[in-house]
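Novice: One predicted model, sequence on top.
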Amino acid sequence: MLACMASPAWAVKPFVADYQATVKGAIQADAQMKLTSAGNDRWSYELSVNSPIASARQITVFEDRDGAWRPLSGSDSIQMLFKKSQKNATYDWASGEARWTGNVKPDRMGPVKLRAGDVDAMMLNLAIVRDVVAGKPLSYRMVDNGVARQQVYQNLGQESITVAGKQATATKVSRSSDSKLVTVWVVQGLPVPARILQQDDGKDSLDLVLKSVK
C-alpha cells in the first residue's frame, strides 16, 4: 500500500496516489495524484477529482535539473452539468514570463515576471513534502492564475493521523490568507501529502485524505 518511500535526499520519482475527497463538507468524490516522467528531466504531475456532479483536472509539466524545479506549462479544467472551464498556463523561461489563456479574465492573462525558484499551485504540494522532510523553510513564490503570491507555511508540530487504515506520525503545516486556511499533513516516507484541508470562511471547501500510494 504505502510502498513509495522517499530516500533521505528527496528525489523525484513516479507515483500514483489515491485519495478520498470531500467537497464543500458533504460531497464525496474520488481523487488521484499522479507523477509520471515526460522525458528529458521533465515530469507531468496530475490531480483529478471526480464526483457524480462534477469533475476537475489539473496538470503541471515541470523540469527537474539536479533538484532545481521550474514549471513549464499547466492546464486546469472543470466540467459540471451545465458548465465547462479551461485555463492554460505557459512558463517561458527564455523570456522570463508566464502567461495564461482560456477562461481567464483579461487582468489575469499576464505576463508575470518569473524568478528562479517559482512554483505553481500544483508543484507546491511536492515542494512542501520535500522541504518538510529536509527541515527547510516553507516559503514559496507561487506564480499561478495570473498573479504571483508569497506563500509561507507555519510548522504546527507533529500529529497522529490514520493513513490507509494505519496510524502514522505527521508533521502538520498551514498557511492563512484573508478568509482562506490551508493545512497540510506530511508523513516522512510518503511522496505526497497524507492530507490536504482547504477552508474558506471557516468552512471546509476541500478535504483530501490519502488512501494509498504506489
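Specialist: Structure received.
Novice: what residue ranges in the chain are flagged as low confidence?
Specialist: 1-10 (pLDDT under 70).
Novice: can you map out the helices along it?
Specialist: 121-134 (DSSP state H).
Novice: give me phi/psi at the residue lying farthest from the centre of it?
Specialist: Computed with C-alpha atoms, centre = their mean, the residue of the chain farthest from its C-alpha average is residue 82, at 26.7 Å. Residue 82 adopts backbone torsions of phi -130, psi 20, taken as degrees, to the nearest 10.
Novice: Compute the distance between it and residue 28, please.
Specialist: As for residue 82, its distance to residue 28 is 21 Å (criterion: C-beta to C-beta, to the nearest Å). Bear in mind the C-beta positions are built from the backbone N, C-alpha and C, glycine included.
Novice: So residue 213 sits against residue 193, correct?
Specialist: No. At 10.4 Å, residue 213 and residue 193 do not qualify as touching, with contact defined as C-beta atoms under 8 Å.
Novice: Mind checking which of these two has more residues around it?
Specialist: residue 193 (25 against 21; other C-beta atoms under 10 Å).
Novice: Tell me which residues are up against stretch 37-46.
Specialist: Here stretch 37-46 makes contact (C-beta atoms under 8 Å, 6 or more residues apart in numbering) with 12, 14, 32-36, 57-65, 72, 122-123, 126.
Novice: Report the buried members of those.
Specialist: 12, 32-35, 57-63, 72, 122-123, 126 (16 or more other C-beta atoms under 10 Å).
Novice: Mark which of these are part of strands, please.
Specialist: Judged by DSSP state E, strands contain the following of the buried ones among the contacts of stretch 37-46: 32-35, 57-63, 72.
Novice: CSV please, covering those and showing distance to residue 162.
Specialist: As requested, those are exported to CSV (distance: C-beta to C-beta, whole Å):
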residue, distance to residue 162
32, 19
33, 19
34, 23
35, 24
57, 27
58, 26
59, 29
60, 29
61, 33
62, 31
63, 35
72, 36
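Novice: and of the residues you listed, the nearest to residue 159?
Specialist: Ranked by distance to residue 159 (C-beta to C-beta), these are led by residue 33 at 21.1 Å.
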